[in-house]
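Trainee: Here is a sequence together with a model predicted from it:
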Amino acid sequence: MKLATFKRHLVESFKSLKRNGWMSVAAFSAVTVTLLLVGVLLTILLNVNKIASDVENDVQVRVLINRGTAQQQRNQLKNKLKAETAVKKITFSSKEHELKNVIKSYGKGFKLFGGDGNPLYDVFIVQTKEPKQTVQIARKAKNMKFVYDAKYGGTSAKRLFAIVNSIQRWGMGISLLLLFVAVFLISNTIRITILSRQNEISIMRLVGATNSFIRWPFVLEGAWTGLFGAMLPLIIVDFGYVWTHRVLSQTLASTSYRLLSPGVFLVEIDALLILIGICIGALGATFSMRRFLKI
Amino acid sequence: MIEFKHVSKKYANQITAVDNFNLKIQQGEFVYVIGPSGAGKSTFIKMMYREEKPTLGQIKVNEYELEKIKNSKIPFFRRELGIVFQDFKLLSKLTVFENIAYALQVIEKDPVEIKKRVNHVLKLVKLVSKGAAFPAELSGGEQQRVAIARAIANKPSILIADEPTGNLDPETAEGIMKILEKINIQGTTVVMATHNSHIVNEFRHRVIEIENGHVIRDQDEGSFFQDEASNF
């Protein structure tokens, strides 16, 4: 295609957006609503995946020490744990420190459990060299003297993965359905604008325009619709995520789990939403053009 | 050159619009296609620019065999034709200049050449001063002249005009005919479907008369009504 022709298509597609006024607004709205839902779903899905992988890679085993265990006995336990080759590091966290973490995560209401009423245990936080060694260390620690229980990420991970899987399956399904609806909505909206321009298309055909020449301005118009329609969801998702990240990060501060940090993640999400918008817009236009280009 | 060999067209509703047409139009001819409404004129004309496909027979326009032509080749075939309609088919949101240029833009002509060519055809149809006007600001005759200018902008070898004077008063219609004759003198074949007896009788050319899907008369220098021919 000649550069001059492509320029003409670009200008025409812009003019046409303006000329079609409310029809364009209707098409933008269809894209906006769909992409907003897709954007929110994607953000949730990717963060669920991130936390699932954090849990999976959690190399910590929390060894809960029986209440009333003396300092010397605790040292014995520590030495026994240290003797395990898979163990990398052992940190002690008193039940008071544990309670502080709880209060930090869940609120000041838990201050009631301070002092003698503290139901928590002293804990050895054992870090293993490899994530897969956590299971083995936790099993061994459970059977050691002075140990009340040993917990590792794996137990919750199994449950979490089941949830993640279903979220992923449903999320993907809903996203695909939404995209299909968007293509349908945009096709219909563009089809109505095309109907009002049938005269123009018939003249183009009579003077010898090829199908691709006729199609291009409409496809570009669809792509613009997708691009402009993606702007509002993009802003909502960006600001919404930054806020959610700030709030949830405080809650997750005491754990080793983290949400995806907004910087690169949002750039990727934005790029993806724009790409999806442009693609569904252009696709919608291509579909709706087909009927009018049959000879 | 246009050639119809045993051409028939039957629509899905079983109506035969064109039945066994055999005719040849040489390059540079001026031909009227006349007949009452529903006679098959429009189908005949539409088959000429491959808007309709024949059910039977062969149609050859220049080098193109229209019963065999691939859909992808139709745009290139149509670039050899100019087509004018009764309702002008101008784009209301474009100026006169843009309407004519549009026909050249869609076939990807060079912008400099487009400007030159549009000015040339505007001169030919005597509308140079109206280049910046919009169709709604023009009279019917002026709009039809714009449509003709657009049709000839690409120097077609054949100009097909379907009732080009149908919406015009007699004086304006004569003006349009003079332009069509001028185009014809320059070597362009003109095929014109019309109901206008005055035009046919005034500007004498070959007449093809169609009735009920049949060619009932094909006469050089013919008149609108067959019995008038001898009196002329």
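Mentor: All right, it came through fine. Numbering: from 1, shown residues only, chains lettered A, B, ... in the order given.
Trainee: name the helices or strands packed onto the one helix or strand in chain A whose mean pLDDT sits lowest?
Mentor: Ranked by mean pLDDT, DSSP states H and E, the helix or strand of chain A with the weakest confidence is helix A:153-195, at a mean of 75. Secondary-structure packing of helix A:153-195 (3 or more Cβ pairs under 8 Å, 6 or more residues apart in numbering or on different chains; DSSP states H and E): helix A:21-56, helix A:133-142, helix A:211-252, helix A:262-290. Backbone N, C-alpha and C define where each C-beta goes, glycine included.
Trainee: how far out from the middle of the chain is the host helix or strand of B:Asn20?
Mentor: Assessed by DSSP states H and E, B:Asn20 sits inside strand B:16-25. Put simply, strand B:16-25 sits 17 Å off its chain's centre (Cα atoms, centre = their mean, to the nearest Å).
Trainee: Let me know which of the helices and strands packed on helix A:153-195 is the nearest to B:Ile158.
Mentor: The closest of the helices and strands packed on helix A:153-195 to B:Ile158 is helix A:211-252. By Cβ to Cβ, the value is 21.9 Å.
Trainee: check whether the closest one contacts chain B.
Mentor: Yes: using Cβ under 8 Å from any Cβ of the partner chain, helix A:211-252 reaches chain B at A:211, A:213-214.
Trainee: what helices or strands is that helix leaning on?
Mentor: Short answer (3+ Cβ pairs under 8 Å, 6+ apart): helix A:211-252 packs on helix A:3-19, helix A:21-56, helix A:153-195, helix A:198-206, helix A:262-290.
Trainee: Please write out the alpha-carbon positions of the first one in PDB.
Mentor: Listed in PDB are the C-alpha atoms of helix A:3-19, where the atom choice follows Å, rounded to 0.1, in the frame of the first residue of the first chain:
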ATOM      1  CA  LEU A   3       2.200   5.800   2.000                       C
ATOM      2  CA  ALA A   4      -0.200   8.500   0.700                       C
ATOM      3  CA  THR A   5      -3.000   5.900   0.700                       C
ATOM      4  CA  PHE A   6      -2.300   4.800   4.200                       C
ATOM      5  CA  LYS A   7      -2.200   8.500   5.300                       C
ATOM      6  CA  ARG A   8      -5.600   8.900   3.700                       C
ATOM      7  CA  HIS A   9      -7.000   5.800   5.500                       C
ATOM      8  CA  LEU A  10      -5.700   7.200   8.800                       C
ATOM      9  CA  VAL A  11      -7.300  10.700   8.200                       C
ATOM     10  CA  GLU A  12     -10.500   9.100   7.000                       C
ATOM     11  CA  SER A  13     -10.800   6.800  10.000                       C
ATOM     12  CA  PHE A  14     -10.400   9.800  12.400                       C
ATOM     13  CA  LYS A  15     -12.900  11.900  10.400                       C
ATOM     14  CA  SER A  16     -15.300   9.000  10.400                       C
ATOM     15  CA  LEU A  17     -15.100   8.700  14.200                       C
ATOM     16  CA  LYS A  18     -16.100  12.300  14.500                       C
ATOM     17  CA  ARG A  19     -18.800  12.100  11.800                       C
END
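Trainee: Can you get me a residue count around residue 202?
Mentor: I'll assume chain A. Neighbours of A:Ser202 under the rule other Cβ atoms under 10 Å in any protein chain shown: 14.
Trainee: should've been chain B
Mentor: Counted with other Cβ under 10 Å, B:Glu202 comes out at 14.
Trainee: and chain B, which of its residues are near chain A?
Mentor: B:49-50, B:71-72, B:74-79, B:81, B:83, B:89, B:91, B:93, B:102-103, B:105-108, B:110-111, B:150, B:154.
Trainee: So how do I select the buried members of these in ChimeraX?
Mentor: Buried subset of those, written as a ChimeraX selection, criterion 16 or more other Cβ atoms under 10 Å in any protein chain shown:
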select /B:49,50,74,75,77,78,79,81,83,89,91,102,103,105,106,107,150,154
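Trainee: Mind checking which of the residues of chain B next to chain A land in helices?
Mentor: Taking DSSP state H as the definition of helices, the residues of chain B next to chain A contribute B:74-78, B:102-103, B:105, B:111, B:150.
Trainee: Make sure B:Ile59 is actually in contact with B:Glu3.
Mentor: Yes: between B:Ile59 and B:Glu3 there is a contact under Cβ atoms under 8 Å: 7.1 Å.
Trainee: and these two? which has more neighbours close in?
Mentor: B:Ile59 (22 against 16).
Trainee: Which strands or helices does the helix or strand hosting the more buried one pack on?
Mentor: B:Ile59 belongs to strand B:56-61 when assigned by DSSP H and E. With contacts taken as 3+ Cβ pairs under 8 Å, 6+ apart, strand B:56-61 sits against strand B:2-10, helix B:41-48.
Trainee: Which element, helix or strand, includes the residue nearest the centre of chain B?
Mentor: By Cα atoms, centre = their mean, chain B has its centre lying nearest to B:Ile160, at 1.6 Å. Using DSSP H and E, B:Ile160 sits within strand B:158-162.
Trainee: how far is that strand from where the chain is centred?
Mentor: Counting by Cα atoms, centre = their mean, strand B:158-162 is centred 1 Å from the centre of its parent chain.
Trainee: same for it, what does it pack against?
Mentor: If contacts are counted by 3+ Cβ pairs under 8 Å, 6+ apart, strand B:158-162 sits against helix B:41-48, strand B:81-85, helix B:140-152, helix B:170-185, strand B:189-193.
Trainee: got the contact list for the first one?
Mentor: Think helix B:41-48. B:2, B:4, B:7, B:9, B:17-18, B:21, B:33-35, B:52-54, B:59, B:61, B:66, B:81, B:158, B:160, B:162, B:191, B:193, B:210 (Cβ atoms under 8 Å, 6 or more residues apart in numbering or on different chains).
Trainee: Write the PyMOL selection for whichever of these are buried.
Mentor: Buried residues within the contacts of helix B:41-48, by 16+ other Cβ under 10 Å, are selected in PyMOL with:
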select buried, chain B and resi 2+4+7+9+17+18+21+33+34+35+52+54+59+61+66+81+158+160+162+191+193+210
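Trainee: For A:Asp270, list the residues it contacts.
Mentor: So A:Asp270 contacts A:234, A:237-238 (Cβ under 8 Å, 6+ apart).
Trainee: could I get those residues as a markdown table with neighbour count and distance to B:Gly166?
Mentor: Below are those laid out as a markdown table (neighbours: other Cβ atoms under 10 Å in any protein chain shown; distance: Cβ to Cβ, whole Å):
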| residue | neighbour count | distance to B:Gly166 |
| --- | --- | --- |
| A:Leu234 | 22 | 54 |
| A:Val237 | 22 | 58 |
| A:Asp238 | 18 | 60 |
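Trainee: With that, I have no additional questions.
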